[in-house]
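S.K.: Please find the sequence and the predicted model below.
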Amino acid sequence: MIYKRGKICWYRFKWSVKREDGTRKHFLIQRSAKTGNSRKAGEVEEEHRRALRLGLIHPSDSWPKVSLAVPPTFRAFSERFTKHNSAHTKAGTVRFYEECLARILRYSAIADVPLTEISSELLTRYTQYRLSIAENSVVTVNGDVRTLRRIMNLAHEWGAIPFVPKVHELPGEKGREQIISHKEEAVYLYHAGETLFQLAILAVDTGLRPNSELFPLEWTNITLQGTCALRTAPSRRSMPARALAPARAPA
């Protein structure tokens, strides 16, 4: 909706952001188009909507974008990055970036300089510094590298820097996969209480993901027709019915 306040055009529209739990948070966006021309004001509104659709900005961010004469420091920009993550990523991803960012911000050579002064050489020095600390594994350092890359890419998308410096992950990263033996499974089930016993049986026999599938599972999510059809967000898949045999439905 385009309207005028005095000689200046304003626009107003509603926007919503989907939360992790599936609910939506609604915003009423009302901004000055900074022009007296209704057609140009409509173009400003459409560009604003496009930026929201692409996730380039949060509904509470200002628009049109303000051109900064002096680029923000990494520390200042990290606040925008954190706010963006909270609105557009899962809770686990938010925690991952927060932990990595806390380590990066302790390195003042990056944290307290303008984004435009962060070069590939500086980023490489950071990775070598982190690797030199005894308790930091390659996995930990590469997590910081991925966080740096994500922040710099967003800074480029949002017009804070003209290009993205390259930063490479370190080789030699080992996965954290551990295969549980039948003996370990038997020992765990022997010592588990009734609830953990049932959950462990389901997890082992079905391969359900603990946080996103197993723990939220309800009897209404399952149909017993030769196979069990799992219907929980974000999954839709089937499994052998025998996998649920150890579980007892409530009376």
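M.R.: Done, it's in. Model, not experiment: these values are computed from the prediction. Numbers count the residues shown, from 1 in each chain.
S.K.: So which other helices or strands are in contact with the helix or strand where Ile201 lies?
M.R.: For Ile201, the host element (DSSP states H and E) is helix 194-206. Judged by 3 or more C-beta pairs under 8 Å, 6 or more residues apart in numbering; DSSP states H and E, helix 194-206 is in contact with helix 182-191. C-beta: built from backbone N, CA, C; applies to glycine.
S.K.: Residues touching the helix it packs on, excluding its own?
M.R.: Residues outside helix 182-191 that contact it (C-beta atoms under 8 Å, 6 or more residues apart in numbering): Ile180, Phe197, Ala200, Ile201, Val204.
S.K.: related to what we said a few turns ago, can you give me the buried ones in the helix holding Ile201?
M.R.: Applying a neighbour-count criterion of 16 or more other C-beta atoms under 10 Å, one finds Phe197, Leu199, Ala200, Ile201, Leu202, Val204, Asp205, Thr206 buried in helix 194-206.
S.K.: Check the offset of that helix from the chain's centre.
M.R.: Helix 194-206 sits 29 Å away from the centroid of its parent chain (C-alpha atoms, centre = their mean, to the nearest Å).
S.K.: the inter-axis angle of it versus helix 182-191?
M.R.: 150 degrees (axes from the mean of the first three to the mean of the last three C-alpha atoms, to 10 degrees).
S.K.: mind saving the C-alpha coords of helix 194-206 as PDB?
M.R.: The C-alpha trace of helix 194-206 is given here as PDB (Å, rounded to 0.1, in the frame of the first residue of the first chain):
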ATOM      1  CA  GLU A 194      12.000 -48.800  30.900                       C
ATOM      2  CA  THR A 195      11.700 -45.500  29.000                       C
ATOM      3  CA  LEU A 196      15.300 -45.500  27.800                       C
ATOM      4  CA  PHE A 197      15.000 -49.200  26.900                       C
ATOM      5  CA  GLN A 198      12.000 -48.500  24.600                       C
ATOM      6  CA  LEU A 199      13.700 -45.400  23.000                       C
ATOM      7  CA  ALA A 200      16.900 -47.300  22.400                       C
ATOM      8  CA  ILE A 201      15.200 -50.200  20.800                       C
ATOM      9  CA  LEU A 202      13.300 -47.900  18.500                       C
ATOM     10  CA  ALA A 203      16.400 -45.900  17.600                       C
ATOM     11  CA  VAL A 204      18.500 -49.000  16.800                       C
ATOM     12  CA  ASP A 205      15.800 -50.800  14.800                       C
ATOM     13  CA  THR A 206      14.500 -47.900  12.900                       C
END
